[in-house]
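Participant: starting from these lines, generate the structure:
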Amino acid sequence: MLKLLETLKDSAESTLDSAASRVENVHRLISGYVGVQARKLRGSETNRSTDGNAAADPDPSDTAPSEHDASIYDVVRGVNREIGEFGTDVFEIIDDARARRSIDKRGDSSDGD
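Facilitator: Residues are numbered from 1 along each chain as shown. This is a model prediction of the structure:
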């Protein structure tokens, strides 16, 4: 039963890590799309002939939010890892306690012989 719980914990940890990566990728894609559209709009407002160049030239201010967003996902993954390690520690403690209890029971039964 303990191994099943530990497997479920590992699966949940892996799933959460994967989900954080997928959400991060989706947010980056949306951010990139919005950034391109904003550059196109700025380009058409300032100079209609530079629409193609505006989308090709990245605006350095547009990269800062995605770097900040990535750190948020890194925090989510870090917290997930810490919770997973805590769960692993709990399972090890339970497993050790079961082993000690099993040894104690065997010791008690041999004393009565």
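Participant: in which helix or strand does Leu16 reside?
Facilitator: helix 2-46 (DSSP states H and E).
Participant: who does the helix or strand containing Glu82 touch, helix- and strand-wise?
Facilitator: When elements are defined using DSSP H and E, Glu82 is found to belong to helix 60-111. In terms of contacts (3 or more C-beta pairs under 8 Å, 6 or more residues apart in numbering; DSSP states H and E), helix 60-111 is packed against helix 2-46. From N, CA and C alone the C-beta is placed, and that goes for glycine too.
Participant: next, the angle from the helix it packs on to helix 60-111.
Facilitator: Interaxial angle, helix 2-46 versus helix 60-111 (axes from the mean of the first three to the mean of the last three C-alpha atoms, to 10 degrees): 180 degrees.
Participant: so which helix or strand of this structure has the lowest pLDDT on average?
Facilitator: Scoring the helices and strands of the chain by mean pLDDT, DSSP states H and E places helix 51-56 at the bottom, with a mean of 50.
Participant: show me the shaky parts of this structure.
Facilitator: Within the chain, the stretches with pLDDT under 70 are 47-70, 109-113.
Participant: and with 50 instead?
Facilitator: Within the chain, the ranges that satisfy pLDDT under 50 run 51, 54-55, 60-61.
Participant: what's the helix holding Leu16 packed up against?
Facilitator: Partner elements for helix 2-46 (3+ C-beta pairs under 8 Å, 6+ apart): helix 51-56, helix 60-111.
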